[in-house]
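K.L.:
A predicted structure for the sequence below; I have some questions about it.
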Amino acid sequence: MGIFKIEGGIPLKGEITPQGAKNEALQILCAVLLTGDKVKINNIPDIIDINKLITLLGNLGVKIQRNEPGSITFQADEVNVGYLETEAFKKEGGALRGSIMIVGPLLARFGKGYIPKPGGDKIGRRRLDTHFEGFINLGAKFRYNREDHFYGVESPAEGLQGTDMLLDEASVTGTANIVMAAVLAKGQTTVYNAACEPYLQQLCKMLNSMGAKITGVGSNLLTIEGVESLGGCEHTILPDMIEIGSWIGLAAMTKSEITIKNVSWENLGLIPNTFRKLGITIEKRGDDIYIPAHTDGYEVKTDIDGSILTIADAPWPGFTPDLLSIVLVVATQAKGDVLIHQKMFESRLFFVDKLIDMGAKIMLCDPHRAVVMGHNFESQLKATTMSSPDIRAGISLLIAALSAKGTSTIQNIEQIDRGYERIDERLRAIGAKIVRA
Ligand SMILES: CC(=O)N[C@H]1[C@@H](OP(=O)(O)OP(=O)(O)OC[C@H]2O[C@@H](n3ccc(=O)[nH]c3=O)[C@H](O)[C@@H]2O)O[C@H](CO)[C@@H](O)[C@@H]1O
Ligand SMILES: C=C(OP(=O)(O)O)C(=O)O
């Protein structure tokens, strides 16, 4: 397993361009299974999770033609559905979270979809009921093998049938899966309590450009008129909003002057304002974000009535849970106190132990809530050796290490590489002292 060695306490300076969004790319790549025509996808991030999914598509028989960097043309005209029943698939299919979204398109187009228990971050319970209840509502038969955690759905002889459904929770990958199955079902499907992250808006736009009939895009009520078949298209993935949030946190905590290029402001939702609540100055310059060096630190804004600031996650357009670990680490050097409330996942805050070791003042109230008492840079974090438990804790620890005094070591950096493209190289380009060993 690789490690990063980081010499902290050095302000950075320069421009950084966000990669394409990991979570959008996972949906978009699965959607190529919905047609036998060519689908060209641009701005694909070169990260572990995406490369694993591309390999999986290749093993399913999808033709992969690489264009310029970040652009690939896929053609799923000779899909080998038999691969789903091999031992190799049982290993490969469970290697990442996003692979769950091959099930909807395979079910819709080939009448069956199987998947082993998907991987992804170990950040708490990650149920799949919403996905499979959706397929069952469309008429699919469901089976689950408890022994090897293998899930399967098959469509009835007459095919999937559109229906009205109310999801039990606004699951991101669940909504994507159900939409991808419903676009080829007979008749009309309505999906209420649908997730509506920019990832899903982009998926729906892509599907419509392939010939699907989806309305309500961007809301929590999607209406889908089933069509006979879909055709090819070209789609460009948005910049990764979680990476953008990570760079905002990094700039503030290392007192660096950083411009984040081409962020697609209209798709950032509450992200800029949530960091502003921590006292961070975020300037909109065209489609860039400019963060000045916070040489005098940043001060938390309390609520109107003076009560302690709470930052909590919620389904979109609420604040994404994937940025709470980053907000938490940034709060450790703010002037003021913040309550971080991670409502969705129950094991995502345990990494605070490492920050406490480094000298941060944090009280973990329970698995979901932590109170952070900021140092206002009066006490610098101390360098240490740590291991990255999940992707977002990993980047948060990296930000902490870049702001800390001395040389830190981060182990298990595959967790970071899973979602951040060439991060060491890109950080070195703005002055960071980080090496991969
Ligand atoms: C590959 C991918 O796209 N992964 C993202 C996706 O995961 P994923 O699609 O797996 O996450 P879900 O949206 O299904 O749910 C995440 C967790 O939140 C809970 N939950 C969800 C909705 C809700 O209204 N209430 C609630 O409590 C679920 O029970 C689950 O524990 O969405 C998560 C939530 O934004 C993100 O953290 C992940 O980065
Ligand atoms: C939790 C995440 O990813 P995954 O769902 O792929 O584990 C994430 O991107 O923060």
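P.N.:
Nice, I can see it. Ligands and ions are numbered 1, 2, ... in the order given.

K.L.:
Could you use CA atoms for every contact and neighbour count after this?
P.N.:
Noted.

K.L.:
which residue ranges form the strands in the stretch 301-437 of the chain?
P.N.:
Under the criterion DSSP state E, counting those that start in this stretch, the stretch 301-437 of the chain contains strands at 309-312, 337-341, 362-366, 369-373, 385-387, 407-411, 433-436.

K.L.:
Quick check: I282 touching R276?
P.N.:
Yes - between I282 and R276 there is a contact under Cα atoms under 8 Å: 6.8 Å.

K.L.:
So which elements touch the helix or strand hosting F135?
P.N.:
Assigned by DSSP states H and E, F135 belongs to helix 129-137. Judged by 3 or more Cα pairs under 8 Å, 6 or more residues apart in numbering; DSSP states H and E, helix 129-137 is in contact with helix 172-182.

K.L.:
does the helix it packs on come close to ligand 1?
P.N.:
Yes - judged by Cα under 6 Å from any ligand atom, helix 172-182 and ligand 1 are in contact via 172-174.

K.L.:
hmm, who's touching the least confident helix or strand in the chain by mean pLDDT?
P.N.:
Lowest mean confidence among the helices and strands of the chain (mean pLDDT, DSSP states H and E): helix 87-92, at a mean of 90. For helix 87-92, the external contacting residues (Cα atoms under 8 Å, 6 or more residues apart in numbering) are 56, 83-84, 115-116, 150.

K.L.:
among these, who's most crowded?
P.N.:
For the contacts of helix 87-92, the largest neighbour count, defined by other Cα atoms under 10 Å, is 24 neighbours, found at I115.

K.L.:
distance of the residue nearest to L96 when sequence neighbours are not counted from R127?
P.N.:
Nearest in space to L96, with sequence neighbours left out and distances taken as Cα to Cα, 6 or more residues apart in numbering, is G119 at 4.2 Å. Here the distance between G119 and R127 works out to 12 Å (Cα to Cα, to the nearest Å).

K.L.:
Please identify which of the two sits among more neighbours.
P.N.:
More crowded of G119 and R127, by other Cα under 10 Å: G119, with 16 against 10.

K.L.:
Could you pull up the contacting residues of that one?
P.N.:
G119 touches 94-97, counting by Cα under 8 Å, 6+ apart.

K.L.:
Distance to ligand 2, pLDDT and secondary structure added to those, as JSON lines?
P.N.:
Formatted as JSON lines, those follow (distance: Cα to the nearest ligand atom, whole Å; pLDDT from 0 to 100; DSSP: H, G, I helix; E, B strand; the rest coil):
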{"residue": "G94", "distance to ligand 2": "11", "pLDDT": "86", "secondary structure": "coil"}
{"residue": "A95", "distance to ligand 2": "10", "pLDDT": "84", "secondary structure": "coil"}
{"residue": "L96", "distance to ligand 2": "6", "pLDDT": "86", "secondary structure": "coil"}
{"residue": "R97", "distance to ligand 2": "5", "pLDDT": "87", "secondary structure": "coil"}
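
K.L.:
and ligand 1, which of those reach it?
P.N.:
R97.

K.L.:
and the residue of the stretch 101-250 of the chain nearest ligand 2?
P.N.:
Closest contact between the stretch 101-250 of the chain and ligand 2, by Cα to the nearest ligand atom, is at G120 (3.4 Å).

K.L.:
That residue reaches L96, doesn't it?
P.N.:
Yes - under the criterion of Cα under 8 Å, G120 makes contact with L96 at 4.7 Å.

K.L.:
does K38 have beta-bridge partners, and which?
P.N.:
With DSSP bridges as the criterion, K38 is bridged to Q75.

K.L.:
From here on, call the first residue 4.
P.N.:
Okay, residue one is now 4; in that scheme the one you just asked about reads as K41.

K.L.:
roughly how far apart are it and I105?
P.N.:
17 Å.

K.L.:
The two: which is more packed in?
P.N.:
I105 (27 against 19).

K.L.:
The nearest residue to that one once chain neighbours are set aside: how many residues sit nearby?
P.N.:
In space, and not counting its chain neighbours, I105 is closest to C33: 5.2 Å by Cα to Cα, 6+ apart. The local packing of C33 (other Cα under 10 Å) involves 25 other residues.

K.L.:
can you check N415 too?
P.N.:
By other Cα under 10 Å, the burial measure for N415, its neighbour count, is 17.

K.L.:
Show the pLDDT at D306.
P.N.:
On the pLDDT scale, D306 is placed at 89.

K.L.:
my guess is it contacts D340, does it?
P.N.:
No - if you go by Cα under 8 Å, D306 and D340 don't touch, sitting 11.6 Å apart.

K.L.:
what sits against L56?
P.N.:
L56 neighbours (Cα under 8 Å, 6+ apart): 29, 32, 99, 101-102.

K.L.:
average model confidence for the helix or strand encompassing it?
P.N.:
Per DSSP H and E, L56 falls inside helix 51-62. Across helix 51-62, pLDDT averages out at 96.

K.L.:
Go through that helix and flag the buried ones.
P.N.:
51-53, 55-57, 59-62 (16 or more other Cα atoms under 10 Å).

K.L.:
in its sheet, what does the following helix or strand past it sit against?
P.N.:
Heading C-terminal from helix 51-62, the first helix or strand you meet, by DSSP H and E, is strand 66-69. The pairing partners recorded for strand 66-69 under DSSP bridges are strand 75-78 (antiparallel).

K.L.:
Pull out the CA atoms of the strand it pairs with and give them to me as PDB.
P.N.:
What follows is strand 75-78, C-alpha atoms only, in PDB (Å, rounded to 0.1, in the frame of the first residue of the first chain):
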ATOM      1  CA  ILE A  75     -13.700   7.700 -24.400                       C
ATOM      2  CA  THR A  76     -16.200   6.300 -26.900                       C
ATOM      3  CA  PHE A  77     -18.200   3.300 -25.700                       C
ATOM      4  CA  GLN A  78     -20.200   0.900 -27.800                       C
END
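
K.L.:
Go ahead and name everything in contact with it.
P.N.:
Taking Cα under 8 Å, 6+ apart as the rule, strand 75-78 contacts 35, 38-45, 47, 65-70.
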